[in-house]
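A.B. asks: what's the 3D shape of this:
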Amino acid sequence: MQTQDRLIRTEYSEIMQKSYIDYAMSVIIARALPDVRDGLKPVQRRTLYDMYELGIRYDRPYRKCARIVGDTMGKYHPHGDSSIYEALVVMAQDFKRGLPLVDGHGNFGSIEGDGAAAMRYTEARLKKITQEAYLADLDKDIVNFVPNFDEMEKEPEVLPVKVPNILINGAEGIAVGMATSIPPHNFGEVIDGVIAYIKNPEINTTQMMEYIKGPDFPTGGIVTNQDELLNIYSTGTGKIKIRGRVDMEHAKNGKDRLVITEIPYTMIGANIGKFLNDVFALVETKKTSDIVDISNQSSKEGIRIVLELRRGADVENLCNLLYKKTKLEDTFGVNMLSVAHGKPETMGLVPIIRHHVEFQYELATRKYSNLLAKEQDKKEIQEGLIRACDVIDLIIEILRGSKNIKEARRCLVNGDTGNIKFRSERSKKLAAKLDFTERQATAILEMRLYRLIGLEIEALNKEHEETLKKIALYEDILSNRESMKKVIIKELRAFKKEYAGPRRTDIANLAEAVYVEKKIEEKDVMVLIDRFGYARTMDITLYERNKEAADHESREVFQCKNTDKICIFTNKGQLHMLKVLDLPYGKFRDKGQPIDNVSNYDSSQETCIYLAPLGAIKNRKLLFGTAFAMIKQVSGSEFDVSKRTTAATKLSEGDEVLFIKELADTEQAEQETVVMQSEKGMFLRIETAQIPEKKKMAIGVRGMRLSETDRLTHIYLLGEEEEMKKADYEPADVVLNRLRIGSRDTKGVKR
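C.D. replies: Residues are numbered from 1 along each chain as shown. Next comes the predicted model:
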């Protein structure tokens, strides 16, 4: 019999929506976000549990990270080894975690962004705090265990973490449509906050912040917006401003130095190198002249970035410049998002601690319930053994008279004496009164003879007394909330005493950095550009003294303001802006700076067609001409832009700018003419009045009608009273001034 396929018709959008939501929730819950109870992502939880299972304890030898990663991936986390090793490395880095959970041995990376060595080279083991506060009591069945991905192993749903790890170590993760970013906090302060909440569950955020002052980053630094922390910790979102710590050192030569000893948490890694480059750029662009040298002298002992200052430097203004223009002051975005009761939730400080304390009550209830059950089992057995010692002779007689162990057990439990031979009727009557429990009977039958020694019996009685005390203690803890509070608080105080350290990050209200840029004195300078593209500026009087040599050695010489910009127009239709202040200013024989280095102009990719100061052209009109004979006038004001590079004109495919020239003033411009010369010797002379003014992004109008294979090679601008001017043309020179004036968009004449 053939089975027919069932076709279920449904909306494609519904399937996509459901699939996407399922995927998103999987990433959110099972990969990216930490659980509010233990503050760990699944990969971190599984890695720590695997190390616990492998017995890699703090007092045992290190094991290869490759073994840990492989075992974790094979048993619990089948999502690739790189994510597991990355999680392992981060848990061992003291500059990323307020409380490292893994003791790494080998190269685990550096604060400057160096990566860890391959997992086959590094070794690791658990930290003592991890064993005592994160993995202890796993054998007491205090958390639920769930099947792993292939249902061949069991893994804990959550680790029995006894301290609020989500606050102590913070968290960061990007899920689908949401992200978490929780700053680390001081271990001792967080413990004090938890104890305060246990004592007073009605505590509010303001009161809680008397204990938890604010974030405590492992890199130190200074939080500058203390007043905003209350709102951040109330809502769970906000922005924390952090500054690095800058110290002043006085040298004997009178030159002071700024030493950065602590950096913002956000500067960890490649951002340290970026900071050095940013400072170098400030010097290069002449934003500051107070820094003479910069060096990174950081080592294992800590961060030390040294800025050598010139004598008489304005230190306060320089610090403000660094805060404004570099990562020395940065923002840490807070979004305290975590998984609570299986759902992502953004929580403030008090709700996070509330969830943690509720979890501690659950752990304590399960722990002491299990301990109580074990002690009650021990009590039952101990009471049976104590009774057995009192009637040991009768028990021996029962054992000797029984044919098998089943008969002896029935007699001990039920007083069944039917198949047992006794020496006397009295013994039989006494045996019939026995009523041991099954466990007691088993213990009696397994009891060794040495337990009948007097000292052993005395030890048994003492053990029974200890058991009774423990039962009373556990019952009190389970039935009395105050007793359970005391137990949890006692354990927290023990952790604080052993593992708490001083605060590293200062919390303060600091004024926003205000950098006052020194006003540049405006003056006229001469710009000189040689044939190799090296440009420099100098004083006008200095140029006048060396005018002949300067004009001979330079390709471009012009006067402008030192606050002006130089416009570089290229054949590709691009405009590159160059600040005059970016050019070196000095003596006549000083070496200039290549234009390519101080602007976006690249001489290997494009050709400079026209170069002029912005101040000289922004109130004039420029004449544009291309190889395809497209011409137009453009107002110079259109090139007064803030961008370093912008389009100067629009070009057709394959076309390029051939000519750009500044037109004369309005009255004189009417008398100017333009001559266009093509490859095939065609010439056309027209008046500039025939050329319309267009926007810079217009292609323009056709100036000369070219044949399909022809194109312009030269464009000339002639003034009314200009003397005879010849064209660059072989075999015979063409005098441009003698050409008859024609109409635009005609073929011109052959020469």
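
A.B. asks: so where's the stretch 301-450 of the chain uncertain?
C.D. replies: 449-450 (pLDDT under 70).

A.B. asks: quick one, helices of it?
C.D. replies: 315-325, 349-390, 392-401, 405-414, 425-432, 438-446 (DSSP state H, counting those that start in this stretch).

A.B. asks: looking at these, spot the one closest to L309.
C.D. replies: Comparison of the helices of the stretch 301-450 of the chain against L309 by Cβ to Cβ identifies helix 315-325 as nearest, at 7.1 Å. Backbone N, C-alpha and C define where each C-beta goes, glycine included.

A.B. asks: which helices and strands does the closest one pack with?
C.D. replies: strand 245-250, strand 256-262, helix 270-284 (3 or more Cβ pairs under 8 Å, 6 or more residues apart in numbering; DSSP states H and E).

A.B. asks: give me the angle between that helix and strand 245-250.
C.D. replies: 150 degrees (axes from the mean of the first three to the mean of the last three Cα atoms, to 10 degrees).

A.B. asks: as a markdown table, the helices and strands packed on helix 315-325 with distance to A118 and mean neighbour count would be great.
C.D. replies: Supplementary listing: the helices and strands packed on helix 315-325 in a markdown table, determined by distance: least, Cβ to Cβ, whole Å; neighbours: other Cβ atoms under 10 Å:
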| stretch | distance to A118 | mean neighbour count |
| --- | --- | --- |
| strand 245-250 | 35 | 13 |
| strand 256-262 | 31 | 19 |
| helix 270-284 | 20 | 16 |
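
A.B. asks: these: which one's closest to R9?
C.D. replies: helix 270-284 (52.8 Å).

A.B. asks: please work out which residues outside that closest one touch it.
C.D. replies: With contact meaning Cβ atoms under 8 Å, 6 or more residues apart in numbering, helix 270-284 is reached by 111-113, 263, 267, 287-289, 291, 294, 296, 298, 305, 307, 321-322, 325-328.

A.B. asks: so where's the stretch 551-700 of the chain shaky on pLDDT?
C.D. replies: In the stretch 551-700 of the chain (pLDDT under 70), the answer is 666-670.

A.B. asks: quick one: the helices in it, in order.
C.D. replies: 595-598, 614-617, 666-669.

A.B. asks: picking that back up, out of the helices of the stretch 301-450 of the chain, which comes closest to D94?
C.D. replies: helix 349-390 (23.3 Å).

A.B. asks: returning to that earlier point: out of the helices of the stretch 301-450 of the chain, which comes closest to M73?
C.D. replies: When the helices of the stretch 301-450 of the chain are compared (using Cβ to Cβ), the closest one is helix 349-390, at 28.0 Å.

A.B. asks: residues contacting the most centrally placed residue in the chain?
C.D. replies: Against the mean C-alpha coordinate of the chain, by Cα atoms, centre = their mean, the closest residue is T266 at 6.8 Å. Contact partners of T266, counting by Cβ under 8 Å, 6+ apart, are I242, K327, D330, T331, F332.

A.B. asks: go on, Q93?
C.D. replies: P100, G104, F108, G109 are the contacts of Q93 under Cβ under 8 Å, 6+ apart.

A.B. asks: strands of the stretch 651-751 of the chain, start to end?
C.D. replies: In the stretch 651-751 of the chain, the segments counted as strands under DSSP state E, counting those that start in this stretch are 657-662, 673-678, 682-687, 701-702, 712-718, 749-750.

A.B. asks: out of the contacts of T266, which comes closest to R545?
C.D. replies: Checking the contacts of T266 one by one against R545 (Cβ to Cβ), the nearest turns out to be K327, at 46.4 Å.

A.B. asks: next up, phi/psi of that closest one, please.
C.D. replies: Taking degrees, to the nearest 10, you get phi -80, psi 10 for the backbone angles of K327.

A.B. asks: I'd say it and G269 touch.
C.D. replies: No: the pair K327 and G269 fails to qualify as a contact (Cβ atoms under 8 Å) at a distance of 10.9 Å.

A.B. asks: shaky segments in the stretch 101-250 of the chain?
C.D. replies: Looking at the stretch 101-250 of the chain by pLDDT under 70, you get an empty list.

A.B. asks: which parts of it are helices?
C.D. replies: Under DSSP H, counting those that start in this stretch, the stretch 101-250 of the chain gives helices at 128-133, 165-168, 187-199, 205-208, 229-235.

A.B. asks: so how far is the fourth one off the chain centroid?
C.D. replies: What separates the centre of helix 205-208 from the centre of its chain is 29 Å, taken as Cα atoms, centre = their mean, to the nearest Å.

A.B. asks: residues making contact with it?
C.D. replies: Contacts for helix 205-208 (Cβ under 8 Å, 6+ apart): G193, A196, Y197, N200, L230, Y233, S234, G348, L349, V350, I353.

A.B. asks: and the longest one, by the same measure?
C.D. replies: With contact meaning Cβ under 8 Å, 6+ apart, helix 187-199 is reached by 98-99, 163-164, 167-168, 203, 207-208, 211-213, 216, 349-350, 353-354, 356-357, 485, 488-489, 492-493, 495-496, 499-501, 503.

A.B. asks: got it, and the first one?
C.D. replies: Where contact means Cβ under 8 Å, 6+ apart, the residues beyond helix 128-133 that reach it are 48, 52, 57-59, 99, 101-102, 161-163, 495, 498-499.

A.B. asks: next: the last one.
C.D. replies: With Cβ under 8 Å, 6+ apart as the test, helix 229-235 has contacts from 205-206, 208-209, 212, 214, 223, 238-240, 334, 346, 348-350, 507.

A.B. asks: repeat the analysis, applying 7 Å as the threshold.
C.D. replies: T205, T206, M209, G214, G238, I240, V334, G348, L349 (Cβ atoms under 7 Å, 6 or more residues apart in numbering).

A.B. asks: which among the contacts of helix 270-284 end up buried?
C.D. replies: Among these, the ones that count as buried by 16 or more other Cβ atoms under 10 Å are 111-112, 263, 267, 287-288, 291, 294, 298, 305, 307, 321-322, 325-328.

A.B. asks: on that earlier part again, just the ones in strands from the contacts of helix 128-133, please.
C.D. replies: V102 (DSSP state E).

A.B. asks: which member of the contacts of helix 128-133 is positioned nearest P184?
C.D. replies: For these, the nearest to P184 is L99 (8.0 Å; Cβ to Cβ).

A.B. asks: one step back: out of the contacts of helix 128-133, the closest to K41 would be?
C.D. replies: L48 (10.9 Å).

A.B. asks: just to revisit the earlier point, to G592, which of the strands of the stretch 651-751 of the chain lies closest?
C.D. replies: Nearest to G592, of the strands of the stretch 651-751 of the chain and by Cβ to Cβ, is strand 657-662 at 23.5 Å.
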